[in-house]
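K.L.:
Dropping a prediction and its sequence here:
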Amino acid sequence: MKREYEGWAGSTDHISQWESRLQSSYASRETIDRIVMDYFVVEGYQDAAEKLVSESGRTSLSEFQTVDKEALAKRKAARMAIQNGQVQEAIDLAKKVEPTV
């Protein structure tokens, strides 16, 4: 199956090699769940993280990884502040989670 990739500067041989490697790759459900959970936690999607916990048959976030629930709540609050145009509040919340920001 040949595909044309817009803006791809590589040869079609490189594309075929990449597609072949991609199709032969395998990631377990556990690995994918952990990657998705990491994204939810870092981006402050607390509700989505909790939903993933319940859908995966676990009982708490700590079964996935070490999660600072307070930091997760602050990340969520910072994201909500940004979405509501409260930039300074978001900066203050972000600094509470990650002081080097």
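P.N.:
All right, it came through fine. Numbering: from 1, shown residues only.
K.L.:
The residue nearest the centre of the chain - nearest residue in space that isn't next to it in sequence?
P.N.:
With distances taken as C-alpha atoms, centre = their mean, residue 39 lies nearest the centre of the chain, 1.7 Å away. Using C-beta to C-beta, 6 or more residues apart in numbering and skipping the chain neighbours, the partner closest in space to residue 39 is residue 45 (7.7 Å). (Each C-beta comes from the backbone N, C-alpha and C, glycine too.)
K.L.:
The one you found: neighbour count?
P.N.:
A count of nearby residues for residue 45, using other C-beta atoms under 10 Å, gives 19.
K.L.:
swap in residue 15?
P.N.:
15.
K.L.:
Quick one, grab the pLDDT at it.
P.N.:
pLDDT, residue 15: 82.
K.L.:
which is the next helix or strand following the host helix or strand of it?
P.N.:
Per DSSP states H and E, residue 15 falls inside helix 12-24. As assigned by DSSP H and E, the chain's next helix or strand after helix 12-24 is helix 29-43.
K.L.:
can I have that next one written out in CSV, keeping just the CAs?
P.N.:
Only the C-alpha atoms of helix 29-43 are listed here, as CSV (Å, rounded to 0.1, in the frame of the first residue of the first chain):
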residue,chain,number,x,y,z
ARG,A,29,-2.7,-2.3,26.8
GLU,A,30,-0.9,-1.6,30.1
THR,A,31,1.7,0.5,28.3
ILE,A,32,-0.9,2.5,26.3
ASP,A,33,-2.9,3.1,29.5
ARG,A,34,0.1,4.4,31.3
ILE,A,35,1.0,6.7,28.4
VAL,A,36,-2.5,8.1,28.3
MET,A,37,-2.6,8.4,32.1
ASP,A,38,0.6,10.3,32.1
TYR,A,39,-0.8,12.7,29.5
PHE,A,40,-4.0,13.2,31.5
VAL,A,41,-2.0,13.9,34.7
VAL,A,42,0.5,16.3,33.1
GLU,A,43,-2.2,18.2,31.3
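K.L.:
so what does it touch, helix or strand wise?
P.N.:
Counting contacts by 3 or more C-beta pairs under 8 Å, 6 or more residues apart in numbering; DSSP states H and E, helix 29-43 is packed against helix 46-55, helix 69-83.
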